[in-house]
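A.B. asks: Turn this into a model:
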Amino acid sequence: MTILVIEDDVKTGDYLKKGLSESGYAVDLARNGIDGLYMALEHDYDLLILDVMLPGKDGWQVMNELRQQCDVPVIFLTARDHVDDRITGLRLGADDYLVKPFSFTELLLRVRTLLRRGVVRESETFQLADLQLDPLRRKVTRQGVNIVLTNKEFMLLHLLVKRQGEALSRAVIASQVWDMNFDSDTNVVDVAIKRLRAKIDAPFEKKLIHTVRSIGYMFTEQP
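C.D. replies: Numbering: from 1, shown residues only. Okay, the predicted model is just below:
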């Protein structure tokens, strides 16, 4: 799962990224409200951790504009500890509000709680043609046959399925699945796609993972 931290304090931001990464999450970090809002709207994050006092746009502005376009879970993490601040954050649509200084263990528990809710809220069993993907149970079937995937293969397929019909570049795939900047000399995406095709497409007549020339890959029924 991917988390975006929007935090201008260098020490706090680096601490959060390191701690959450070591806890198994892919973490991006924005140092100001303008970049944070742009990243939140451009990428499909599972959760945001948002400070209030930010340069460019403050956390209130980011939250207000974010809620006009998406419902990603948000935790405010801020030194603003007045009751009115908490009320403002929650009224703007935040899911939780934690005051600095904070316990990382407590933050991690809140993150896990919200992500569990997010999976349930997301709900969905995705389906295309005869393939079904259940994110909650981490189960993939095709024509009723259970398909066993590695963790990265599941994340890759989940991304393709969620954005079915879109041509996804190798850079986008690398960023979302491996939390890395894509290097043209690296074939990690192509190798992963080849392995996924061997399980998802090769045993079946209809192919669902298609190469989009000069761009990347698309998940669709159409050839």
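A.B. asks: CA only for contacts and neighbour counts going forward, please
C.D. replies: OK.
A.B. asks: what's the weakest-modelled helix or strand in the protein?
C.D. replies: Taking mean pLDDT, DSSP states H and E as the measure, the helix or strand of the chain with the lowest value is helix 104-122, at a mean of 77.
A.B. asks: ok, residue 206 - how many residues close by?
C.D. replies: Counted with other CA atoms under 10 Å, the burial measure for residue 206 works out to 14 neighbours.
A.B. asks: Mind telling me what element it is part of?
C.D. replies: With the criterion set as DSSP states H and E, no secondary-structure element contains residue 206; it sits in neither a helix nor a strand.
A.B. asks: Now for it: which residues touch it?
C.D. replies: Counting by CA atoms under 8 Å, 6 or more residues apart in numbering, residue 206 makes contact with residue 221.
A.B. asks: how close does it get to residue 34?
C.D. replies: Residue 206 sits 44 Å away from residue 34, going by CA to CA, to the nearest Å.
A.B. asks: what does stretch 53-73 contact?
C.D. replies: Outside stretch 53-73, the residues that touch it by CA under 8 Å, 6+ apart are 7-8, 31-34, 36-37, 40-41, 45-48, 50-52, 78, 89, 92-95, 114-115, 118.
A.B. asks: 7 Å instead?
C.D. replies: With CA atoms under 7 Å, 6 or more residues apart in numbering as the contact definition, stretch 53-73 has outside contacts at 8, 32-34, 37, 46-48, 50-52, 89, 92-93, 95, 114.
A.B. asks: In strands, which of these fall?
C.D. replies: Using DSSP state E, 47-48, 50 are the members of the contacts of stretch 53-73 that sit in strands.
A.B. asks: Now distance to residue 178, pLDDT and neighbour count too, for the residues you listed, in CSV please.
C.D. replies: What follows is the ones in strands among the contacts of stretch 53-73, written out as CSV (distance: CA to CA, whole Å; pLDDT from 0 to 100; neighbours: other CA atoms under 10 Å):
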residue, distance to residue 178, pLDDT, neighbour count
47, 17, 94, 24
48, 18, 97, 25
50, 23, 97, 28
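A.B. asks: now, which of the residues you listed sits nearest residue 139?
C.D. replies: Within those, distances to residue 139 taken as CA to CA reach their minimum at residue 47, with 22.3 Å.
A.B. asks: does that closest one really touch residue 76, like I thought?
C.D. replies: No: with contacts defined as CA atoms under 7 Å, residue 47 does not count as touching residue 76, sitting 11.0 Å away.
A.B. asks: Tell me which residue is most central in the chain.
C.D. replies: The structure's the chain has its C-alpha centroid closest to residue 45; by CA atoms, centre = their mean the separation is 2.9 Å.
A.B. asks: residue contacts, that residue?
C.D. replies: Contact criterion CA under 7 Å, 6+ apart gives 2-4 as the residues in contact with residue 45.
A.B. asks: As a check, name the ranges of all strands in the protein.
C.D. replies: So, for the chain - with DSSP E - the strands run 2-6, 26-30, 47-50, 74-78, 96-99, 126-128, 131-134, 139-142, 145-147, 168-169, 209-212, 216-219.
A.B. asks: now those strands as a markdown table including distance to residue 159?
C.D. replies: Conversion of the strands of the chain to a markdown table gives the following (distance: least, CA to CA, whole Å):
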| stretch | distance to residue 159 |
| --- | --- |
| strand 2-6 | 12 |
| strand 26-30 | 14 |
| strand 47-50 | 16 |
| strand 74-78 | 21 |
| strand 96-99 | 26 |
| strand 126-128 | 11 |
| strand 131-134 | 11 |
| strand 139-142 | 13 |
| strand 145-147 | 17 |
| strand 168-169 | 9 |
| strand 209-212 | 12 |
| strand 216-219 | 9 |
